[in-house]
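Engineer: sharing a model prediction with you, sequence too.
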Amino acid sequence: MDYGFFDGEFISLDEPKVQLEDRGYQFGDGIYEVTRIYNGKPFALTRHLERCRRSLRELRIPITYMDEELTAIHNDLIKKSGIRNGAIYFQITRGCAPRSHAFPDQTVPLLSMTIRESAPDADQQENGIHCILAEDIRWLRCDIKSLNLLGNVLAKQAAHDKGVQGTIQYRKDQNLITEGSSSNFFIVKDDIIWTHPTNEYILKGVTRSILMDELIPKLGYTVVEKAFTPEFALTADEAFATSTSLEVTPVVDIDGHTIGTGAPGSISCALLKAYHELVAKECK
Ligand code: PMP
């Protein structure tokens with residue numbers, strides 16, 4: 001059963017619990033993480049908790065939840081819900097205070113979490129997704145996993161409006177691709193993997209880090225962290241997007257241009273296979 005956690009209590013998802021003056025609600029003043037549950041176990045939780053602490057530090061929200069506590073709540077939610085395969089969403093806001101832009105003197109950060117059953121889209125992984133290009137109109141701290149997601153929401157909606165599955169964003173002033181609306185983006189050209197470097201223009205995805213630190217070196221591929229133009233991407237031999245939900249999902253069409261042969265490329269498929277093997281090993 002889907003389940004929630006709010007202000008220290010386990011609750012059902014339909015219980016009305018938002019506090020009206022929570023700064024997350026009024027300003028998007030908070031951070032979030034999404035972790036995937038496989039076989040009743042959270043995957044890559046240490047990396048998610050590390051990024052959560054970094055996001056909190058960057059926004060100067062006091063770190064009042066220990067990793068041990070967050071891990072224990074993950075495990076309790078899994079146990080109480082009985083969910084074996086799904087996703088846990090959690091957010092930490094700066095807390096509640098009368099509405100005023102600057103940080104209030106004393107607020108207590110507020111944690112809420114949900115668990116829902118879900119699974120990666122096997123059909124998209126097998127056949128690839130079609131994407132459009134859209135201008136990246138987000139703020140200049142995309143490295144923080146903040147609750148402010150309207151730029152990402154509009155980018156994703158643009159794909160839905162066009163009847164495709166994803167959006168690849170590019171900065172218009174630089175004519176360089178950054179990332180997907182909720183994923184990191186990679187291309188392969190002449191056996192070299194390209195992806196945007198980690199800076200304030202992209203989120204350092206946990207899945208991206210697993211590929212960069214573990215899977216790409218293990219499979220012996222060459223990767224460059226270098227931004228590239230939309231025009232260059234259209235000439236790629238392969239393209240793929242990564243995220244906790246997508247895992248490694250091939251991109252076979254961008255703005256109506258076929259990428260490579262139009263079928264998922266061999267490097268994308270090998271990375272997805274290696275990712276599944278890692279998940280199977282970590283979440284036995
Ligand atoms: N970039 C953005 C903008 C995202 O929202 C996400 C998913 N939260 C990612 C990249 C991928 O991150 P992860 O691999 O940690 O899910």
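Structural biologist: All right, it came through fine. Numbering: from 1, shown residues only.

Engineer: point me to the residue of the stretch 151-284 of the chain nearest the ligand.
Structural biologist: Nearest residue of the stretch 151-284 of the chain to the ligand, counting by Cβ to the nearest ligand atom: Gly205, 2.9 Å away. (C-beta placed from N, C-alpha, C; glycine too.)

Engineer: what's near enough to touch that residue?
Structural biologist: Gly205 sits next to Ser183, Asn184, Thr242, Ser243, Thr244 when contact means Cβ atoms under 8 Å, 6 or more residues apart in numbering.

Engineer: quick check: the closest residue to the ligand within the stretch 1-150 of the chain vs His48, distance?
Structural biologist: Nearest residue of the stretch 1-150 of the chain to the ligand: Val34, at 5.8 Å (Cβ to the nearest ligand atom). According to Cβ to Cβ, to the nearest Å, Val34 and His48 sit 8 Å apart.

Engineer: who has more neighbours, the two?
Structural biologist: A count of neighbours by other Cβ atoms under 10 Å puts His48 above the other of Val34 and His48, at 23 against 17.

Engineer: per-residue pLDDT, the more buried one?
Structural biologist: If you check His48, the pLDDT there is 98.

Engineer: can you pull the buried residues of the longest helix along the chain?
Structural biologist: Secondary structure of the chain per DSSP state H: the longest helix is helix 266-282. By 16 or more other Cβ atoms under 10 Å, the buried positions in helix 266-282 come out as Ile267, Ser268, Cys269, Leu271, Leu272, Ala274, Tyr275, Leu278, Val279.

Engineer: spatially, what comes nearest to the fifth one if we skip its sequence neighbours?
Structural biologist: Taking Cβ to Cβ, 6 or more residues apart in numbering, and ignoring the residues beside it in sequence, Leu272 has Val248 as its nearest neighbour in space, at 4.1 Å.

Engineer: now do the same contact list for the one you found.
Structural biologist: With Cβ under 8 Å, 6+ apart, Val248 has these contacts: Gln125, Thr207, Leu211, Phe240, Ala241, Thr242, Ser268, Leu271, Leu272, Tyr275.

Engineer: these: which two are farthest apart?
Structural biologist: When Cβ to Cβ is used, the two most widely separated members of these are Gln125 and Leu211, lying 14.7 Å apart.

Engineer: look at the two and report which has more neighbours.
Structural biologist: Neighbour comparison, Gln125 and Leu211: the larger count goes to Leu211, with 26 against 21 (by other Cβ under 10 Å).

Engineer: so that one belongs to a strand, correct?
Structural biologist: No - judged by DSSP: H, G, I helix; E, B strand; the rest coil, Leu211 forms no part of a strand; its state is helix.

Engineer: residues contacting it?
Structural biologist: Neighbouring residues of Leu211 by Cβ under 8 Å, 6+ apart: Phe186, Thr242, Val248, Leu271, Tyr275.

Engineer: what bridges to the third one?
Structural biologist: Applying DSSP bridges to Val248 gives these bridge partners: Thr242.

Engineer: burial count for Ala44?
Structural biologist: The burial count for Ala44: 19, using other Cβ under 10 Å.

Engineer: ok, now Thr107?
Structural biologist: Residues lying near Thr107 (other Cβ under 10 Å) number 18.

Engineer: checking Tyr170 next. Helix, strand or coil?
Structural biologist: Relying on three-state DSSP, one would call Tyr170 strand.
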